[in-house]
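> Take this sequence and fold it.
(2 chains)
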Amino acid sequence: MKDKIIEVDKISKYFGEIKAVDQIDFYVKEGEILGFLGPNGSGKTTTVRLLNGVLFPEKGNIKVKGLSTIKDGNKIRKIIGVLTESAALYESMSARENLEFFAHLYSINPREIPKRIDSLLEEFGLSKRQKNKVAEFSTGMKKKLSIARALIDDPEILFLDEPTTSLDPESARDLISYIKELNRERKLTIFVCTHNLAQAEDFCKRFIFLDKGRIIEEGTLEEIESKYITSVEMEIVYQSGIDETYLNDYKYKKLDSDKIIITIDNKKQVPQFIREISQKADIYSINTLNSNLEKLYFEVRRVYYENAGNGSNN
Amino acid sequence: MRMQAMAAIIKKDIKSISDNIQIWLPLIILPLVFAIIIPTVLIILAKTQNISAINGIDLILKTIDKFPAHMEVHTFSDINQKVLFLVLNFMFIPFFLMIPAMISSTTAAYSFVGEKEKKTLESLLYTPISEKDLFVAKILGPFIASAAVTIFCFICYGIVVDVLTYNIFGKLILPRLNWLIAVFWLSPILSIFAIFFNVYISARVKGFQEAYQLGALIVLPIVVLLYSQLTGLLLLNNIILFLFGLVLLIVSVILIVKTGKSFTRNKLFLSQIK
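Numbering: from 1, shown residues only, chains lettered A, B, ... in the order given. Reported below is the predicted structural model:
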């Protein structure tokens, strides 16, 4: 298909006895932000390395823009930017020297390099420290510089492996909004591996859940939700004095004199319920509790382990 | 080949050596001792002392007697002249060959294992540089460093020897063909051999220290040369120097083919993440 920029066909990668990636199939659409989620050791980083052609799969095929990662690795790497936790910067070189060095490795026109570096340093707030050695940088600054490095050749696909760990909340927020902007304005395809489910929910359009090298679920939040979540849990804050006999038709738990958690078995009953309860009491807020990515993540894993009989993991 | 990428790697590697005093200081001191200090001391001794009084000098004199009659060393009548001529012209060559061997060995170990140790090899492998370009660039850095220091030291040695011995011999004794073969034929080959020996080792060890220690094995063939010289077993004449280079070249080519085969992205990457 034309809009699939990455196509992965039943790939496996073993390290000795360990199946790091075990027969996975998936695709990445051009211009989307895909969240690759899973616990430590589930094969996220190995997948990134396979997709970049620095590791070869034992079985299966990977096509990036129609090119094979085994035969045309360098053509693929030319259009890809990668951030992984283990790919280090040169500590004895300055921030600017690092970016210059990598710009040359991507064979960027030497006349374009200073301009490109200036704008990246500016974007990541590193302009003032550009002449300092990377060894003097904080972990967060190194991360920012690594992301700038990943963007040096204006890639078409960006791989981000745990992009926000070690960033302070402010920098993490800035980074996410910058990534969203790149995606929106330049149609940059982004592949994000992360543990941070709240952030993933904020900026990924589609998700793949990984466990022990296998894909256990994939889809948009809505798609996965419709599969796993039938009942809706809501937290309602109201002015005290609600008629509790009315609530007896539902499963509920009183948290406080003015706060309850209520479970509605069918999502379709929710609008009707809200209309009704707003007539019975003065409502301050209603929050859905179980339709966020984090709840969904654990639910998907729970169901997977239940069905697969793989024994409990979480 | 992408010259821009290769040039960037060579420049970076040379800079990282020149920025690291622990690496380059010993690389400069030892060659300067060989090229300037030891010959100066020897020449001053030969000028001021009667060499025939030195213990064990008989051995060297006997060696000289064994030399073919057409050799230049027999044109000098004075013992001091004979011994000095022999030492400066022949016995110094093995010492001198330590320079390219040592420099390329150390810089190659640093250049290959250094990337692995600092986890920057992974970063390099994510870029679109081809394995061949990376391989050649990584080898050229240590080679250029080694060639530059060797030629510089040879020039220093030549100047010191000629200036200090002109009034002893009444003529310039350097450069001579055997030295030119040593510097421009044997040294580069020895460098290449040392570099590939290190690349071969680097792929099999974890850290710089380990590679550095194993890399020191490279001086073994030179020690053999030196020993054979001192005992008069073998005279480093032009043909022998040339043949010695040729043998090393053949061994190097075998090493190049062997290391080149295992220099694939996949294997390099696995060596990084192990």
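> can you list the residues of chain A near chain B?
A:49, A:52-56, A:73-75, A:77-78, A:80, A:82, A:84, A:86-93, A:100-102, A:104-107, A:110, A:149 (Cβ under 8 Å from any Cβ of the partner chain). Quick note: C-beta positions are derived from backbone N, CA and C, even for glycine.
> So among these, which ones count as buried?
A:49, A:52-56, A:73-75, A:77, A:80, A:82, A:84, A:87-90, A:92-93, A:100-102, A:104-107, A:149 (16 or more other Cβ atoms under 10 Å in any protein chain shown).
> Can you get me a residue count around the residue of the stretch 201-314 of chain A found nearest chain B?
Across the stretch 201-314 of chain A, the shortest distance to chain B (Cβ to the nearest Cβ) belongs to residue A:213, at 16.1 Å. By the criterion of other Cβ atoms under 10 Å in any protein chain shown, residue A:213 has 22 neighbours.
> Hmm, residue A:19 and it touching each other?
Yes - using Cβ atoms under 8 Å, residue A:213 is in contact with residue A:19, at 4.9 Å.
> Common neighbours of these two, please.
Counting by Cβ atoms under 8 Å, 6 or more residues apart in numbering or on different chains, the shared contacts of residue A:213 and residue A:19 are A:12-13.
> Can you pull the residues of the stretch 1-150 of chain B lying near chain A?
B:2, B:4-5, B:7-9, B:12, B:16, B:19-20, B:118-120, B:122-130.
> Give me the residue ranges of the chain where confidence is low.
Because you didn't say which chain, this covers chain A. A:1-2, A:241-243, A:310-314 (pLDDT under 70).
> right idea, wrong chain: chain B
B:1, B:203, B:206, B:208, B:227-236, B:274.
> And the helices in it, which stretches?
B:3-18, B:21-32, B:38-48, B:57-66, B:79-86, B:92-117, B:121-125, B:131-169, B:177-181, B:187-202, B:208-215, B:220-230, B:238-261, B:265-273 (DSSP state H).
> hmm, which of the residues of the stretch 1-150 of chain B next to chain A are the buried ones?
By 16+ other Cβ under 10 Å, the residues of the stretch 1-150 of chain B next to chain A give B:2, B:4-5, B:8-9, B:12, B:16, B:118-120, B:122-130 as buried.
> For stretch A:177-192, which residues meet the burial criterion?
Under 16+ other Cβ under 10 Å, the buried positions of stretch A:177-192 are A:179, A:182-183, A:188-192.
> Equivalent analysis for stretch A:223-232, please.
Here stretch A:223-232 shows A:224-225, A:228-229, A:232 as buried, counting by 16+ other Cβ under 10 Å.
> Can you report how many residues neighbour residue 201?
Since no chain was named, I'll use chain A. 16.
> if you could check chain B rather than the one you did, that'd help
For residue B:201, the count of nearby residues is 23 (other Cβ under 10 Å).
> can you list the domain ranges for chain A.
Using automatic domain parsing, the domain ranges for chain A come out as A:4-225, A:230-288.
> so which of the ones you listed is the most packed in?
domain A:4-225 (a mean of 18; mean count of other Cβ atoms under 10 Å in any protein chain shown).
> Pull up the distance across that one, start to finish.
Using Cα to Cα, to the nearest Å, one end of domain A:4-225 lies 24 Å from the other.
> How many residues are close by the closest residue to residue B:76 other than its chain neighbours?
The spatial neighbour of residue B:76 that comes closest, neighbours along the chain excluded (Cβ to Cβ, 6 or more residues apart in numbering or on different chains), is residue B:82 at 5.0 Å. Neighbourhood size, residue B:82 [other Cβ under 10 Å]: 20.
> Check the one 10 residues further on too.
Residue B:92 sits with 22 neighbouring residues when counted by other Cβ under 10 Å.
> hmm, back to that, nearest to residue A:27 among the helices of chain B would be which one?
helix B:265-273 (23.7 Å; Cβ to Cβ).
> Residue A:211: what's it in contact with?
A:38-39, A:42, A:301, A:304, A:313.
> With secondary structure as added columns, please give those residues in a markdown table.
Output for the contacts of residue A:211, formatted as a markdown table (DSSP: H, G, I helix; E, B strand; the rest coil):
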| residue | secondary structure |
| --- | --- |
| A:38 | coil |
| A:39 | coil |
| A:42 | coil |
| A:301 | helix |
| A:304 | helix |
| A:313 | coil |
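> need the contact list for the residue most central in space within chain B.
In chain B, the residue lying closest to the centroid (Cα atoms, centre = their mean) is residue B:100, at 2.1 Å. Taking Cβ under 8 Å, 6+ apart, we find residue B:100 in contact with B:146-147, B:149-150, B:187-188, B:190-191, B:194.
> which among these gets closest to residue A:23?
Nearest member of these to residue A:23, counting by Cβ to Cβ, is residue B:194, at 46.1 Å.
> Let me know whether that closest one touches residue B:215 as I believe.
Yes - the pair residue B:194 / residue B:215 is scored as a contact, 7.4 Å apart, by Cβ under 8 Å.
> anything in contact with each of those two?
B:105, B:108.
> higher neighbour count, those two?
residue B:194 (29 against 26).
> Just give me how far the helix or strand harbouring residue A:173 sits from the chain centre.
For residue A:173, the host element (DSSP states H and E) is helix A:169-186. Here the centre of mass of C-alpha atoms in helix A:169-186, compared against the chain's by Cα atoms, centre = their mean, to the nearest Å, lies 13 Å away.
> can you check stretch B:184-201 too?
Centroid displacement of stretch B:184-201 relative to its chain, using Cα atoms, centre = their mean, is 8 Å.
> Equivalent analysis for stretch B:191-209, please.
16 Å.
> Next one: that stretch, is it in contact with chain A?
No - figure legend: stretch B:191-209 not in contact with chain A (Cβ under 8 Å from any Cβ); closest approach 14.1 Å.
> Could you list the buried residues of that stretch?
Within stretch B:191-209, the residues scored as buried using 16+ other Cβ under 10 Å are B:191-203, B:205, B:208.
> Closest one of those residues to chain A?
residue B:208 (14.1 Å).
> Can you name the residue of the stretch 1-150 of chain B nearest chain A?
Minimum separation of the stretch 1-150 of chain B from chain A (Cβ to the nearest Cβ) falls at residue B:8, amounting to 3.4 Å.
> In this structure that residue contacts residue A:105, no?
Yes - the criterion here is Cβ under 8 Å, and residue B:8 meets it with residue A:105 at 6.2 Å.
> can you give me the helices in chain A?
A:44-51, A:73-78, A:95-105, A:113-123, A:139-150, A:169-186, A:197-203, A:221-228, A:244-247, A:270-280, A:293-308.
> can I get those in TSV with distance to residue B:40?
Shown next, in TSV, are the helices of chain A (distance: least, Cβ to Cβ, whole Å):
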stretch	distance to residue B:40
helix A:44-51	56
helix A:73-78	53
helix A:95-105	40
helix A:113-123	48
helix A:139-150	49
helix A:169-186	60
helix A:197-203	69
helix A:221-228	80
helix A:244-247	102
helix A:270-280	95
helix A:293-308	75
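> Looking at these, which is nearest to residue B:139?
helix A:95-105 (17.0 Å).
> any idea of the angle that closest one forms with helix A:113-123?
130 degrees (axes from the mean of the first three to the mean of the last three Cα atoms, to 10 degrees).
> got a list of what residue B:214 touches?
B:201, B:205 are the contacts of residue B:214 under Cβ under 8 Å, 6+ apart.
> on that earlier part again, and which of the buried residues of stretch B:191-209 is nearest residue A:127?
Nearest to residue A:127 out of the buried residues of stretch B:191-209 is residue B:208 (Cβ to Cβ; 34.0 Å).
> which one of the helices of chain B lies closest to residue A:266?
Closest among the helices of chain B, once you apply Cβ to Cβ, is helix B:265-273, at 49.1 Å.
> Are there helices or strands packed against the closest one, and which ones?
Where contact means 3 or more Cβ pairs under 8 Å, 6 or more residues apart in numbering or on different chains; DSSP states H and E, helix B:265-273 is packed against helix B:121-125.
> counting contacts, what elements does the helix it packs on pack onto?
helix B:265-273.
> Most proximal residue of chain A with respect to chain B?
Closest point on chain A to chain B, by Cβ to the nearest Cβ, is residue A:104, at 3.4 Å.
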